[in-house]
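# Provided below for reference: sequence and predicted model.
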Amino acid sequence: MPFSAYLELMEKLSPGGIRLLAVSKTKSVEEIRTLYELGQRDFGENYVQELVEKQKNLPDDVRWHFIGHLQTNKVKNITPFIYMIQSVDRLKLLLEIDKQAEKSQRTINCLLQIHIAREETKFGLDEDELKSLLDALISFREAGKAGRVRIAGCMGMASLTDNKEIIHQEFTRLHAIFEMIKKTLPSDHVDTLSMGMSSDYQIAAACGTTMVRIGSLLFGPRTSANK
């Protein structure tokens, strides 16, 4: 594992107050523990079963972030310990998180996943869907419901392209959406804009991200065996 890359990343990110989320999917407990011992606390996972097993074998102060597509029937498996769910892409999922959080007597940090890339995907809210979700959430709150979810901000992924201008435009758009959410839900104390990965985190930093999701720069390139 290129530990020098971790230290170099922290030197670049820390002055701007940007948080590093180490994307640890498919990585071993030992690899995660090594970064933990260097001071890293935020780790991101894509698969519920893998996350649950790792959580059992690592310190309690690890801040686990779920960043993959989350099925509603698996929410209950992670709400007792999850720090943040970054991939909320529909109202039904948000309400299930609230329901399970109530059972655990916890408040769960959530990011709304926004579709900003040019590629077609079935995950992520467009701007009309986002507005409908926010309107519905406000109505639930006014009725005294949905109080166990905190909308901490939003997350998005840029297009898979070498064109930096396209990526910059998409990140700029996501930053504007983030600012809109802050104004719409001021009581949630919206403070997290999760955008930027190993290939484009520097562009994201220039566009105002508060958190980058880094995997290959920390753990090395993924091979065909661990994709």
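On my side now, so go ahead.

# which strand or helix spans the residue nearest the centre of the chain?
Geometric centre of the chain, nearest residue: residue 86, 3.3 Å, by Cα atoms, centre = their mean. If you go by DSSP states H and E, residue 86 is part of strand 84-88.

# strand partners of that strand, parallel vs antiparallel please.
strand 63-66 (parallel), strand 108-115 (parallel) (DSSP bridges).

# ok, residues contacting the first one?
Right, strand 63-66. 21, 41-46, 48, 51, 55, 78, 81-87 (Cβ atoms under 8 Å, 6 or more residues apart in numbering). All C-beta spots, glycine's among them, are computed from the backbone N, C-alpha and C.

# now with 10 Å?
Outside strand 63-66, the residues that touch it by Cβ atoms under 10 Å, 6 or more residues apart in numbering are 19, 21-24, 40-48, 51-52, 54-55, 58, 74-75, 78, 81-88, 108-111, 155, 192, 194, 211, 213.

# so which of those sit within helices?
48, 51-52, 54-55 (DSSP state H).

# what packs against whichever helix in the chain runs longest?
If you go by DSSP H, the chain has its longest helix at helix 164-184. For helix 164-184, the elements it packs on are strand 108-115, helix 127-142, strand 149-157, strand 192-194, helix 201-206, judged by 3 or more Cβ pairs under 10 Å, 6 or more residues apart in numbering; DSSP states H and E.

# now render those as JSON lines, adding mean neighbour count.
What follows is the helices and strands packed on helix 164-184, written out as JSON lines (neighbours: other Cβ atoms under 10 Å):
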{"stretch": "strand 108-115", "mean neighbour count": "24"}
{"stretch": "helix 127-142", "mean neighbour count": "15"}
{"stretch": "strand 149-157", "mean neighbour count": "25"}
{"stretch": "strand 192-194", "mean neighbour count": "26"}
{"stretch": "helix 201-206", "mean neighbour count": "18"}
